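Chemist: predicted coordinates and the sequence they were generated for:
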Amino acid sequence: SQQGEEDPQALSIQEGENATMNCSYKTSINNLQWYRQNSGRGLVHLILIRSNEREKHSGRLRVTLDTSKKSSSLLITASRAADTASYFCATLKAAGNKLTFGGGTRVLVKP
Amino acid sequence: EPEVTQTPSHQVTQMGQEVILRCVPISNHLYFYWYRQILGQKVEFLVSFYNNEISEKSEIFDDQFSVERPDGSNFTLKIRSTKLEDSAMYFCASSDRGRDYQPQHFGDGTRLSIL
């Protein structure tokens, strides 16, 4: 698989539940970033975790990074209908400054 | 909060025509990028730009593509002779790499439709 693959591809939950999605990558990275994309809109930066960090929080978001397994997870707690969107992980390699995106997880939060 | 702005939001062009996509990055940012997303596919890196020159480009960014920062605020992507497969959403992004580990901030994109 390619750098930055999300799992699952789609997720449907009820409002108030937690949503967890995972990302796997292949090469060494400088950092990993999570973005949200609402339908037809641009990418909104959510959170960045450095390669020497293991966990990071921002509001209802919790991101973990396991560099030994080359994987990351994004947890959205107490989901809301407004969280309905596609979520992408993107990796930045140690050298260079291009982001490599995964295919995304489509999250539907039902009211 | 400062934003990256892109114009137009939608561009329809005949195959073979030149097209210029425009972006205004966040004002104190130093690095600029173009990405594209073909419908239903991943977001793909095209090019990065720093200090008035290309710092990195992908295989997609061939001789038909060029970028320019014509003044202190705009950053443009030109496609010289468009092809049907250039139809995609094009995103501009910028970042402040004056410090390490800075995120890239994206605009809302230009949807390019080649007929």
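Modeler: On my side now, so go ahead.
Chemist: quick one: the strands in chain B?
Modeler: In chain B, the strands defined using DSSP state E lie at B:5-7, B:10-13, B:19-24, B:31-37, B:43-50, B:53-57, B:65-68, B:75-79, B:88-95, B:105-106, B:110-114.
Chemist: those strands into CSV, with extra columns for mean pLDDT and distance to chain A?
Modeler: To be clear about C-beta, it is placed using only N, CA and C from the backbone, and glycine gets the same treatment. What follows is the strands of chain B, written out as CSV (pLDDT from 0 to 100; distance: least, CB to the nearest CB, whole Å):
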stretch, mean pLDDT, distance to chain A
strand B:5-7, 95, 8
strand B:10-13, 96, 10
strand B:19-24, 97, 11
strand B:31-37, 95, 6
strand B:43-50, 94, 4
strand B:53-57, 93, 5
strand B:65-68, 96, 14
strand B:75-79, 97, 15
strand B:88-95, 95, 6
strand B:105-106, 93, 4
strand B:110-114, 96, 8
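Chemist: all strands of chain A, in order?
Modeler: A:5-7, A:10-14, A:19-24, A:29-37, A:43-50, A:55-58, A:61-66, A:71-76, A:85-93, A:99-101, A:105-110.
Chemist: turn these into TSV, columns for mean neighbour count and mean pLDDT.
Modeler: Output for these, formatted as TSV (neighbours: other CB atoms under 10 Å in any protein chain shown; pLDDT from 0 to 100):
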stretch	mean neighbour count	mean pLDDT
strand A:5-7	19	80
strand A:10-14	14	94
strand A:19-24	20	95
strand A:29-37	22	93
strand A:43-50	18	94
strand A:55-58	12	96
strand A:61-66	18	97
strand A:71-76	20	96
strand A:85-93	23	93
strand A:99-101	24	92
strand A:105-110	18	95
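Chemist: out of the ones you listed, which is closest to B:Q64?
Modeler: When the strands of chain A are compared by CB to CB, strand A:99-101 sits nearest B:Q64, at 22.6 Å.
Chemist: which other residues reach that closest one?
Modeler: Contacts of strand A:99-101 with the rest of the structure, by CB atoms under 8 Å, 6 or more residues apart in numbering or on different chains, involve A:2-4, A:25, A:33, A:35, A:88-93, B:33, B:35, B:42-45, B:104.
Chemist: that older thread, out of the strands of chain B, which comes closest to A:S71?
Modeler: Among those, strand B:43-50 comes nearest to A:S71, with 19.7 Å by CB to CB.
Chemist: CA-only coordinates of that closest one in CSV, if you can.
Modeler: Extracted as CSV, the C-alpha positions of strand B:43-50 are listed here (Å, rounded to 0.1, in the frame of the first residue of the first chain):
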residue,chain,number,x,y,z
VAL,B,43,-4.6,14.6,-2.7
GLU,B,44,-1.3,14.7,-4.7
PHE,B,45,1.6,17.0,-4.3
LEU,B,46,2.6,19.1,-7.3
VAL,B,47,5.2,21.6,-6.3
SER,B,48,6.7,23.6,-3.5
PHE,B,49,8.2,27.1,-3.8
TYR,B,50,10.5,29.0,-1.5
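Chemist: sweet, I'm off.
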